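Undergrad: Next one to model:
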Amino acid sequence: MVYVHLATGFEEVEAITVVDILRRADIEVRSVSVTEKKLVMGAHGINVEADILFVDADYSICEMIVLPGGMPGATNLEAHEGLMRNIREFAVGDKKIAAICAAPLALGTAGVIEGRRATIYPGMEDRLAGAVPTGEAVTVDGNIITGKGPAFAMEFALTIVEEIKGTTIREKVATKLLL
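TA: Purely as a prediction, here's the structure:
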């Protein structure tokens, strides 16, 4: 199970692309609202109904936490104490974490990327808190995947597929998408 977290002001392209691509790869995925309501407004005024609320999410069955970027979505994720606690627990347990665009700032705040390679939206490298900025479209360092921004949402999602199901399934999904 993969949980894609939605906070007010999330980047719609990044969140929806990840959910879509993972479902095409037959990976169980749920969108999780970190607000008090399932209906969450994105950074560009698009409302998305999350599958579940954070308070109802069972992280014992979750194999990966995904954080879409967007502003103020990324800072709203960063401000959510329960999510930040789960991110730290996942990092200690070597469970997978993925964040794209501005959202890697939450990983910096959580203290889980120090000394690791990571990418983030250009100009926000100082929010990586001790990580080595790569500037790459997508960077994988151990159990952590980071993505640069919305233009790379599909590459980011396919990298998640590869990390969970391998290269063959990634290529199969990419081929069906005409990539």
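Undergrad: so residue 130 makes contact with residue 114?
TA: Yes. Using Cβ atoms under 8 Å, residue 130 is in contact with residue 114, at 3.4 Å. Just so you know, the C-beta spots here come from the backbone N, C-alpha and C atoms, and that holds for glycine as well.
Undergrad: all helices for the chain, in order.
TA: Remark: helices assigned in the chain by DSSP state H are 12-24, 73-78, 81-92, 104-110, 153-165, 167-176.
Undergrad: can you give me the offset of the second one from its chain's centre?
TA: Read that as helix 73-78. Mean-position distance between helix 73-78 and its chain equals 12 Å (Cα atoms, centre = their mean, to the nearest Å).
Undergrad: Show me what that helix is packed against.
TA: helix 104-110 (3 or more Cβ pairs under 8 Å, 6 or more residues apart in numbering; DSSP states H and E).
Undergrad: which residues sit in contact with the closest residue to residue 128 other than its chain neighbours?
TA: In space, residue 128 comes closest to residue 108 once its chain neighbours are excluded; the distance is 5.0 Å by Cβ to Cβ, 6 or more residues apart in numbering. By Cβ atoms under 8 Å, 6 or more residues apart in numbering, the residues touching residue 108 are 127, 128, 129, 130, 131.
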